[in-house]
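Participant: heads up, no residue letters with this:
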Ligand SMILES: Cc1cc2nc3c(=O)[nH]c(=O)nc-3n(C[C@H](O)[C@H](O)[C@H](O)COP(=O)(O)OP(=O)(O)OC[C@H]3O[C@@H](n4cnc5c(N)ncnc54)[C@H](O)[C@@H]3O)c2cc1C
């Protein structure tokens, strides 16, 4: 069982290793600054010797976006709330803060983020920088909550992007390419509770009614377990104040059961079984699907929207406009069925409100974001992801920056109309490319 506590994503030898253990690199040194001034000094030192620095958040990206080639900076020591203005709905947060710490700190003040993704172990700098999202057409991805930001640029100077600065649209989904983000101002709302319902419908119905599903609740998402003919629709609506919290009286035992029993023991065993006997995967997925249908549950918003920490697996994800989501889901279904692929793990369709952030997968359009997830045999997963992207490229889908992708700069440029503006901002803030790494070289310059 893996520890759920925050830890530096590195092994005993000091190599960077991401959560999924599919990306490694060997930085020259690790720096853990405790102040903006210390960050500036690290950047100046690197610049002076023509070196590079790259921030490592919590290492939860499947892509190599966080892998440092030279000096690694962790902001784990620059964490916590700086200030809260509940009346204006703003919280200033240090960029090294992990989501779980932030959610608890906000809850203690009767506040919450309006939306969160599936897990809470990532850093704020990382989630905004990759366009991490939950699922809602009412709310955008987490970067869309950012109204101001401070960052140390390639010259080592501190740049404050205040509310209204047009460069914020470039800096929200920053890819780690513009500088070291030290603080962000985020939109917060009064704490709220959500009621979750799970509906089982046919896969065909999910495809036919996808836009309606997307609009049927403040938060909704669809899961399909390959090998089954059914889909699950998860919906989250505001709970009435007189409704009891179903995660009480024993949230600890529920969490323990999910984390230790299901994800620590049962799912690894199922994955191992599926790996030995691929023909068992479809029947196993049918069992898993049934286990996910449960009665209405109510609880704190971030706990309801989150999922238990999954077992080690791989993910890739494609964002397409809302009106092409059904086609994407249909293509995925056909691919798995006709390609005779044995895929253990769900495919997930989530929805994200369009935004104005240049490198956001939801830039300019409400999107469906289709995640293909898999555990087990790496060669089979490679084949699945390659086939997945053949289908997704056919509908001009954009890749999620934190998940596996193999796009080059020409392709990224064609998918992101504001690519050149982002590159111009990069030129302004980091002309010497002090913050680049191999991954950024491929997707931005390759
Ligand atoms: C189990 C699991 C569940 C997930 N669930 C979701 C989900 O529900 N929705 C979703 O969209 N994604 C999800 N992801 C993907 C994840 O949210 C993103 O990959 C996110 O970037 C990870 O944050 P991090 O702190 O680990 O960043 P890292 O992966 O460490 O870094 C990502 C990028 O941000 C940069 N960076 C980080 N901090 C800073 C900073 N302060 N200044 C400058 N650059 C910085 C890094 O240099 C790098 O370029 C999930 C990942 C895992 C492993």
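Facilitator: Perfect, I can see it now. It should be emphasised that the depicted structure is a prediction, and the values quoted were computed from it without experimental measurement.
Participant: So, low pLDDT: which residues of this structure?
Facilitator: Low-confidence segments of the chain, defined by pLDDT under 70, span residues 1-6, 247-255.
Participant: List, one by one, the residues from this structure near the ligand.
Facilitator: Listed as neighbours of the ligand in the chain under the rule CB under 6 Å from any ligand atom: 19, 54-61, 65-66, 75, 95, 117-119, 122-123, 125-127, 129-130, 132-133, 175-176, 180-181, 310, 402. All C-beta atoms are positioned from the backbone trio N, CA, C, and that covers glycine.
Participant: Go through those residues and flag which are in helices.
Facilitator: 125-127, 129-130 (DSSP state H).
Participant: What is the distance between stretch 304-315 and the centre of its chain?
Facilitator: Put simply, stretch 304-315 sits 11 Å off its chain's centre (CA atoms, centre = their mean, to the nearest Å).
Participant: which residues does residue 314 bridge with?
Facilitator: For residue 314, the beta-bridge partners are residue 374 (DSSP bridges).
Participant: number of nearby residues for it?
Facilitator: Number of residues near residue 314 (other CB atoms under 10 Å) recorded here: 20.
Participant: isn't it right up against residue 371?
Facilitator: No: in this structure, residue 314 sits apart from residue 371 without contact. The criterion is CB atoms under 8 Å, and the distance is 10.8 Å.
Participant: got a list of what the closest residue to residue 35 other than its chain neighbours touches?
Facilitator: For residue 35, the nearest residue in space outside its immediate sequence neighbours is residue 78; the separation is 7.5 Å by CB to CB, 6 or more residues apart in numbering. Taking CB atoms under 8 Å, 6 or more residues apart in numbering as the contact definition, residue 78 lies against 33-35, 39, 94-96, 182.
Participant: Check the gap between residue 136 and the ligand for me.
Facilitator: In this structure, residue 136 and the ligand are separated by 12 Å, where distance is defined by CB to the nearest ligand atom, to the nearest Å.
Participant: and that residue, what does it touch?
Facilitator: With contacts defined as CB under 8 Å, 6+ apart, the neighbours of residue 136 are 115, 218-220, 351-353.
Participant: Most neighbours among the contacts of residue 78, which one?
Facilitator: With neighbours taken as other CB under 10 Å, the top of these is residue 96, carrying 28 neighbours.
Participant: where's that one relative to residue 266, distance?
Facilitator: Counting by CB to CB, to the nearest Å, the separation of residue 96 from residue 266 is 34 Å.
Participant: How many residues are close by residue 409?
Facilitator: Summarising burial for residue 409: neighbours were counted as other CB under 10 Å, giving 16.
Participant: nope, residue 83 is what I meant
Facilitator: Residue 83, neighbours per other CB under 10 Å, totals 10.
Participant: and if you look at residue 202?
Facilitator: Other residues near residue 202 number 12, with proximity taken as other CB under 10 Å.
Participant: what do you get for residue 357?
Facilitator: The local packing count at residue 357 equals 26, with neighbours defined by other CB under 10 Å.
Participant: Contact partners for it?
Facilitator: Under the criterion of CB under 8 Å, 6+ apart, the neighbours of residue 357 are 131, 143-144, 169-170, 172-173, 363.
Participant: ok, now residue 176?
Facilitator: Taking CB under 8 Å, 6+ apart as the definition of contact, the neighbours of residue 176 are 54-55, 65-66, 129, 435, 437, 440.
Participant: Check residue 194 too.
Facilitator: Counting by CB under 8 Å, 6+ apart, residue 194 touches 219, 236-239, 298-299, 301, 304-305.
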